[in-house]
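>>> quick one: sequence plus predicted model below, questions after.
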Protein chains: 2
Amino acid sequence: MKISTLSIGDELICGQLTDTNAGTIASAFLAEGLRIQRHLAVGDNEPDIIGALADLERVSDAIIVTGGLGPTADDLTSLAAARATGRRLVINEDARSHARLMSGKLKNLIFCPLSDKQVMIPTKSALIPNPGGTASGFHLMHNGCFMFFLPGVPSEMIVMLHDTVIPFILERVGRKRVIRTSTLNLFGPCEAEVDELLLGIAQPDQGLTLGICVTFPWMKVTLRAEADTIEAATDLLLPAVSAVRERVKEYCFSSGGSSMDDAVAELFRDRCLTISLAESCSGGLIAKRLTDIPGSSRYFCEGAVTYSNAAKTRLLGVPAELLNNAGAVSPECASAMAKGIRHASGSDLGLAVTGIAGPDGGSEEKPVGTVFISLAAPDGCWTKRFQFSGNRDEIRTMTAWTALDWLRRYLMKRG
Amino acid sequence: MKISTLSIGDELICGQLTDTNAGTIASAFLAEGLRIQRHLAVGDNEPDIIGALADLERVSDAIIVTGGLGPTADDLTSLAAARATGRRLVINEDARSHARLMSGKLKNLIFCPLSDKQVMIPTKSALIPNPGGTASGFHLMHNGCFMFFLPGVPSEMIVMLHDTVIPFILERVGRKRVIRTSTLNLFGPCEAEVDELLLGIAQPDQGLTLGICVTFPWMKVTLRAEADTIEAATDLLLPAVSAVRERVKEYCFSSGGSSMDDAVAELFRDRCLTISLAESCSGGLIAKRLTDIPGSSRYFCEGAVTYSNAAKTRLLGVPAELLNNAGAVSPECASAMAKGIRHASGSDLGLAVTGIAGPDGGSEEKPVGTVFISLAAPDGCWTKRFQFSGNRDEIRTMTAWTALDWLRRYLMKRG
């Protein structure tokens, strides 16, 4: 079955909003062994929507359309769908009942007046229930192509996709090729280095492909095995995954959808250690990432964002003379900060970063991007200088990633 | 001129990576008064790329292609471009010299072995210089359609787009309609409320359109005026912008690309006030956002991420009895935290948040999403309870947005 996606919205085509629905839908289908053939995006205007539906209908057995079902005047998808398929647009009583019911349920969260516009549905369509919002979706068949229309709100769309669209399509797919994938996440090496490390693993003629996807500052290596049965796909995939793991070694911080933050959190839970942070140039970013994880209060004690020298002295006990002599961006200061927060908080580990995120503040000796990271632990205190490149945001991001990766490598060895 | 974009990459079509290039290109063209008609995405495989080029060629005068020019085996764009346009793929000496030069320049930042694959370019193409990377782009004409091929790395792509592609296209566009746009950013109301507030402002038949784009937890209102001259477009746009401002009042926190963080930063610079933070449930997120802004060290003194009760007492002076009686998630604790950090740091303002981000820790009386925000200032201390909904990430995001919006409104009044 050839499946395409169509995202509708001026905000998508004008660059105001990044379309995440296309990717979500593609991932969901891939997990079922089905690939999206092409993805198209057009603006909120009738001729373009009608044209897009006609073009995709030519090359697809199913089209998943998202966006433009909202209550506002620029939402034109239902109207265009009716015109494109020669149907009338009428008030759908089931959609209206649903909108009323949901509006009552949601009234504590948002207050939005109800609009009849949202309950106008093309005739000869089946509703797609939306348990999370007022706008119902709908699907219809035209010229042998299934068309599914879903709201653009990601949290509503995803539920409707899984509850209705995917089961509907899977029921109609006959024998299908099975695709199994596995993803390893790496931090450290560059793309070409990984490409060389993994040479010869892919065997496209046997259905085993390998993709490297760089997402600053880390990358994903995805292995895909395609075969007639789950067993055959698994037999193709697993040895390849082992081979990749063997070659990339400690560059690999996690697999699948698990992030660096998840990997660090899991290690903390396993090791029963606690941590406190002293951040200067990263300004709370590392604390934010550690506490993104539910349950982090079990190992994260406190964080001090000490931008001023006064705060470094008062909160972390960094001596004023040290700040005067070596400076706030120095290995001496970093290690005093790490030891200071560890001592003050009573946690097992103290992690500190100090550096120059820019754009100002750099010098010949310590250019923008100079960052010192220090880790104080029961078995020692280590401090290292890094030179990162890029803008302020990139330098802060690299600082947080490098600090978390360092924590990860420390915790791995203490297993 | 009808312009389309084509993004190439398995990672895009499989949902592993969100495509930002399409939006960047659309924004860049819109600023020149040109709209992207459609955006297509396909995977890294030759037949799909060739099919996509053929389809877009039919309906476009120019196609901007991004992705698949890298050094690794899954990058197939150059090969597919050659096949699609009946050209041979040959080593281009200029591209090779460029790659060698750039490789030398970049060697302090990344170490990547050079590959001849990246310098294979279809014959009868012109190179597009890439000042930021080793891979040259190229452009060619086929069946009356200009095709531009750029790398997928956003930082490289954007420079090549602005330096070469846009000037090339503008030179070939005859008389064009002028589009002027203006964007106002709102926080607080729901979409339907804004839609009602702005009723009657758009005048599509006169070339004035209005779009509302919701990007959790804020939204953009974009006005677009299209006319024959800059003057006529401006005359259409400016009164509409004033009318929108009048109606949305203090919901509007900034205009154009300026973020909530920028707006708050600008107010701090103007007011010459300093701030310190005491964060519990937001875990450093507010500090991170305040320090995202270059030069924030002038008004941001310090932040305390006090997850544990011990830290609340030691760093902020919150009495242990208060924590025992009222609890850490209480208006009393929030205001003690705000006053405590203000006093300890000596800054003009102290902002504190404490709450339950979930998924655990909620109760009947204080469910997940209960958050207290407190602002201690020279002229008083205000504390307010909020009830946010959503998952942990959404609750933390809403907490930070609401706290920053509160700061903004406070600073506005102290102008």
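Right, received. Where do you want to start?

>>> only C-alpha atoms from now on, for both contacts and neighbour counts.
Noted.

>>> so which other helices or strands are in contact with the host helix or strand of A:Ala26?
Here A:Ala26 sits within helix A:21-30, counting by DSSP states H and E. Under the contact criterion of 3 or more C-alpha pairs under 8 Å, 6 or more residues apart in numbering or on different chains; DSSP states H and E, helix A:21-30 touches strand A:3-8, strand A:36-42, helix A:154-160, helix B:10-13.

>>> for the third one, packing partners?
To tie it back to what came earlier, the one meant is helix A:154-160. Where contact means 3+ C-alpha pairs under 8 Å, 6+ apart, helix A:154-160 is packed against helix A:21-30.

>>> report the angle between the axes of the helix it packs on and strand B:36-42?
On the basis of axes from the mean of the first three to the mean of the last three C-alpha atoms, to 10 degrees, helix A:21-30 is oriented at 20 degrees to strand B:36-42.

>>> hmm, who's touching helix A:21-30?
With C-alpha atoms under 8 Å, 6 or more residues apart in numbering or on different chains as the test, helix A:21-30 has contacts from A:5-7, A:35-36, A:39, A:66, A:152, A:154, A:157-158, A:161-162, A:166, A:179, B:12-18.

>>> tilt between it and strand A:3-8?
Using the same axes, to 10 degrees: helix A:21-30 against strand A:3-8 is 160 degrees.

>>> how about helix A:21-30 as CSV, C-alpha atoms only?
What follows is helix A:21-30, C-alpha atoms only, in CSV (Å, rounded to 0.1, in the frame of the first residue of the first chain):
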residue,chain,number,x,y,z
ASN,A,21,3.2,15.7,12.3
ALA,A,22,4.7,14.3,9.1
GLY,A,23,7.5,12.8,11.1
THR,A,24,5.3,11.5,13.8
ILE,A,25,3.0,9.8,11.3
ALA,A,26,6.0,8.3,9.4
SER,A,27,7.4,6.9,12.6
ALA,A,28,4.1,5.4,13.6
PHE,A,29,3.7,3.6,10.2
LEU,A,30,7.3,2.5,10.1
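
>>> list the buried residues in that helix.
The neighbour-count check on helix A:21-30 (16 or more other C-alpha atoms under 10 Å in any protein chain shown) flags A:21-30 as buried.

>>> for the record, mean pLDDT for it?
What helix A:21-30 shows for mean pLDDT is 89.

>>> next one: stretch A:51-58
Averaged across stretch A:51-58, pLDDT comes to 90.

>>> hmm, who's touching it?
The contact list for stretch A:51-58 (C-alpha under 8 Å, 6+ apart) reads A:4, A:6, A:40, A:42, A:63, A:84, A:143, A:145.

>>> of those, which are in range of chain B?
Under the cut-off given by C-alpha under 8 Å from any C-alpha of the partner chain, chain B has A:40, A:42 from these close to it.

>>> and the two most separated of the contacts of stretch A:51-58?
A:Val42 and A:Asn143 (21.5 Å; C-alpha to C-alpha).

>>> tell me which of these two has more neighbours.
Higher neighbour count among A:Val42 and A:Asn143: A:Val42, with 25 against 10, using other C-alpha atoms under 10 Å in any protein chain shown.

>>> point to the residue nearest the middle of chain A.
Nearest to the geometric centre of chain A sits A:Gly257, at 8.3 Å (C-alpha atoms, centre = their mean).

>>> quick one: it from B:Lys339, how far?
Distance, A:Gly257 to B:Lys339, by C-alpha to C-alpha, to the nearest Å: 41 Å.

>>> out of everything not next to it in sequence, what's closest to the residue nearest to the centre of chain A?
Using C-alpha to C-alpha, 6 or more residues apart in numbering or on different chains and skipping the chain neighbours, the partner closest in space to A:Gly257 is A:Thr183 (7.9 Å).

>>> in the sheet, who's paired with that neighbour?
When assigned by DSSP bridges, A:Thr183 has beta-bridge partners A:Thr222.

>>> report the contact partners of it.
Counting by C-alpha under 8 Å, 6+ apart, A:Thr183 touches A:220-223, A:255-257.

>>> go again with 6 Å.
By C-alpha atoms under 6 Å, 6 or more residues apart in numbering or on different chains, the contact set of A:Thr183 is A:221-222, A:255-256.

>>> pLDDT and neighbour count for those - can I get that in TSV?
As requested, the contacts of A:Thr183 are arranged in TSV below (pLDDT from 0 to 100; neighbours: other C-alpha atoms under 10 Å in any protein chain shown):
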residue	pLDDT	neighbour count
A:Val221	92	23
A:Thr222	89	21
A:Ser255	94	17
A:Gly256	87	13
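
>>> doesn't A:Phe253 lie inside a strand?
Yes - secondary structure assignment places A:Phe253 in a strand (DSSP: H, G, I helix; E, B strand; the rest coil).

>>> OK, contacts around it?
Taking C-alpha under 6 Å, 6+ apart, one finds A:185-186 in contact with A:Phe253.

>>> next, count neighbours for the residue nearest to A:Gly340 when sequence neighbours are not counted.
Nearest-residue entry for A:Gly340: A:Leu316, 4.5 Å, with adjacent residues in sequence omitted and distances by C-alpha to C-alpha, 6+ apart. By other C-alpha under 10 Å, 22 other residues sit near A:Leu316.

>>> can you check A:Asp235 too?
A:Asp235 has 13 neighbours, counted by other C-alpha under 10 Å.

>>> for A:Pro131, which three-state class applies?
coil.

>>> I'd like the distance between it and A:Gly67.
On the measure of C-alpha to C-alpha, A:Pro131 and A:Gly67 end up 17 Å apart.

>>> mind listing the residues bridging to the residue nearest to A:Phe149 when sequence neighbours are not counted?
Nearest residue to A:Phe149 in three dimensions, chain neighbours excluded: A:Val65, at 4.8 Å (C-alpha to C-alpha, 6+ apart). Taking DSSP bridges as the rule, A:Val65 bridges to A:Leu6, A:Phe149.
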